[in-house]
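missing the sequence, but the structure's below:
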């Protein structure tokens, strides 16, 4: 069984996924990590991106300057669309390959754009890490040291909170401390093990 885990920027997806992995040995596939793999130096996608945006979106070592690229694409919806059309199929292939190697009772696909990118088609259930938008904004500004306007633009590009929750089979409410989040993850893990036992 593949379970999708999603939530807006700053919601705590990584903290939840880390708990599933560290405490319960669950195989976690992170779509953000795969998005870095497909744009590594020497990969065709990076060449396409440089051809479109120029060398200024590269770091001195030849790696993609993700912050510079993010600034460009979130200021221009057409550019973001072009980038997504290039990268989403490549990221999907990487995700599928990794999921197929899972040996834990179920696997977790962590993706901020699970629903928007169609990656939810790979999953049987969806967990949404839910947090009030004001908290999402404050956490991200503090964590990434980026302007509030940029975080708002990223939030606008992601599914709205109500839309995400509409797709949820399970919700982790992350408006308290880490211990509270961990307790919810632990309970969900037990729930999934029970579900797997009754599946034919």
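Okay, I see it. Please read these numbers as outputs of a predicted model, since none were measured by experiment.

max-length helix in this structure?
In the chain, with assignment by DSSP state H, the single longest helix is helix 77-99.

ok, and for that helix, which residues are buried?
Residues 80, 82-84, 86-88, 90-92, 94-95, 98-99 are the ones in helix 77-99 that count as buried (16 or more other C-beta atoms under 10 Å). C-beta: built from backbone N, CA, C; applies to glycine.

residues in contact with the spatially most central residue of the chain?
Per C-alpha atoms, centre = their mean, the C-alpha nearest to the average position across the chain is that of residue 111, at 2.5 Å. Listed by C-beta atoms under 8 Å, 6 or more residues apart in numbering, the contact set of residue 111 reads 4, 5, 6, 30, 31, 32, 117, 119.

Tally up the residues packed near the fourth one, please.
Other residues lying near residue 30 total 19 when counted by other C-beta atoms under 10 Å.

ranges for the helices of this structure?
Counting by DSSP H, the chain has helices at residues 13-24, 31-37, 44-53, 66-75, 77-99, 133-144, 148-157, 161-167, 178-198.

I'd like the ones you listed written out as JSON lines, with distance to residue 105 added.
JSON lines is the format used below for those (distance: least, C-beta to C-beta, whole Å):
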{"stretch": "helix 13-24", "distance to residue 105": "9"}
{"stretch": "helix 31-37", "distance to residue 105": "21"}
{"stretch": "helix 44-53", "distance to residue 105": "33"}
{"stretch": "helix 66-75", "distance to residue 105": "34"}
{"stretch": "helix 77-99", "distance to residue 105": "14"}
{"stretch": "helix 133-144", "distance to residue 105": "31"}
{"stretch": "helix 148-157", "distance to residue 105": "33"}
{"stretch": "helix 161-167", "distance to residue 105": "23"}
{"stretch": "helix 178-198", "distance to residue 105": "6"}
